[in-house]
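**Q** I would like to see how this sequence folds:
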Amino acid sequence: MKFCKGDKVAVLDAQIRGVVVAVDGTQIVVCDEHGFELKFEERLLVKIEQDQGELSRFTDINNHFFQQKKFEKPGRKVVVKSKQKKAELHPPVEVDLHIQHLVKSKKGMSNFEILDLQIHTAKHKLEFAMRKRIPRIVFIHGVGEGVLQQELGYLFAKYPVKTSQASYQKYGLGATEVYILQNVR
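**A** You can find the predicted model right below:
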């Protein structure tokens, strides 16, 4: 299926909808309803031409729910015991902090300017996620020399969040997952 800039799309594996902002071969960049730009393979997207409420039945969250229901004993309810487990049911929002995803060209930028832009972007996305009550966000920072990862650690220490290494299978060593503690004032 061919996608064009401006197409409304939904992701088959997650509850994400948005508008196509760039097409690069089979890689499609989508701006979701929260303003995050996410990159997907073409095969994971479907074009939304009219209201497709039925699409939600294909998401991981609902499939997980239906799989639990099949094996439940009658009269018992599935109870999610902690907020963190509840947050794990929703796919995390991904923010790629590699400079090539933040600017068209880094030509003429010093290392300090690049790092400053990456930290500013991370701060903006984290505060946005907190305002919108998004439970999890994954910051993809890469491995490199570890400077960006260390600076992100300093940034996250200023907010009511819990951090951990993101999925090694999906991101390798170059990503940090942030759980936002919603009820902290």
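
**Q** how about the strands in the protein?
**A** 8-11, 17-24, 27-32, 37-41, 45-47, 93-96, 136-140, 161-165, 175-180 (DSSP state E).

**Q** Domain map for this protein?
**A** Domains of the chain are assigned by automatic domain parsing as 1-50+57-79, 83-180.

**Q** related to what we said a few turns ago, out of the strands of the chain, which gets nearest to H124?
**A** Nearest to H124, of all these, is strand 93-96, at 9.5 Å by C-beta to C-beta. Where you see a C-beta, it was placed from the backbone N, CA and C, and this is true even at glycine.

**Q** For the residue nearest to the spatial centre of the chain, list the residues it contacts.
**A** Nearest to the geometric centre of the chain sits V93, at 1.5 Å (C-alpha atoms, centre = their mean). Contact analysis of V93 by C-beta atoms under 8 Å, 6 or more residues apart in numbering lists 32, 34, 36, 38, 125, 129, 134, 136-138.

**Q** which residues sit against the longest helix along the chain?
**A** When the chain is parsed with DSSP state H, its longest helix is helix 111-131. The contact list for helix 111-131 (C-beta under 8 Å, 6+ apart) reads 34-36, 93, 95, 97, 99, 102-103, 106, 109, 134, 137, 139, 141, 147-148, 151-152, 155-156, 159, 161, 178, 180.

**Q** the inter-axis angle of that helix versus strand 136-140?
**A** Helix 111-131 runs at 170 degrees relative to strand 136-140, counting by axes from the mean of the first three to the mean of the last three C-alpha atoms, to 10 degrees.
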